[in-house]
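> next comes the sequence, and after it the predicted model I'd like to discuss.
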Amino acid sequence: MVNHIITSAELIPELEFSTSRSSGPGGQNVNKVSTKVIIRWNLLHSTLITDEQKMLLLNKLASQLTREGELIINSQESRSQLQNKKLALEKLDTLLRKALTKSKARRSTKPTKSSKVKRVDTKKHHAEKKQWRKKLD
């Protein structure tokens, strides 16, 4: 069981930040300033997470990882590079929190008697409606 959910603040030494020109809002600012922030985190080479957490993240984030095991997060919503950096770190936090929390096991339940009766009544009503639409001989 995973006890501690790691945050982006703890991962900062392992994160690689880069910037580029954004395609987001900003008018001429977009053409001049590198406001888009890209965060790269190599999950396989991380020393801050346990092997159990690595396996869990590899399974749950498989579609978002590169072949080398890197997680790449982009943010270009804001005109400010600093704001985009904060947004990218928040995205990483959300992703980690979601991937590392254990989902509740689903308990199978049987339909209640009233729900069964309601379903049959609805079917009867629908069939009756269809009967009225038929042509009479």
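It's in. Residues are numbered from 1 along each chain as shown.
> and the strands in the protein?
15-20, 36-42, 70-75 (DSSP state E).
> what packs against the last one?
In this case it means strand 70-75. Judged by 3 or more CB pairs under 8 Å, 6 or more residues apart in numbering; DSSP states H and E, strand 70-75 is in contact with strand 36-42, helix 81-100. C-beta coordinates here come from the backbone N, C-alpha and C atoms, glycine included.
> and the contacts of that strand?
Applying CB atoms under 8 Å, 6 or more residues apart in numbering, the contact partners of strand 70-75 are 36-43, 61, 64-66, 84-85, 87-88, 91-92, 95.
> of the helices and strands packed on strand 70-75, which is nearest Thr7?
helix 81-100 (5.7 Å; CB to CB).
> re earlier: now for the helices and strands packed on strand 70-75, which one comes closest to Gln53?
Closest to Gln53 of these is helix 81-100 (CB to CB; 6.3 Å).
> give me the most central residue, this structure.
The centre of the chain sits closest to Leu95, judged by CA atoms, centre = their mean, with a distance of 5.8 Å.
> what sits against that one?
Neighbour list for Leu95: Leu61, Gln64, Leu71, Ile73 [criterion: CB under 8 Å, 6+ apart].
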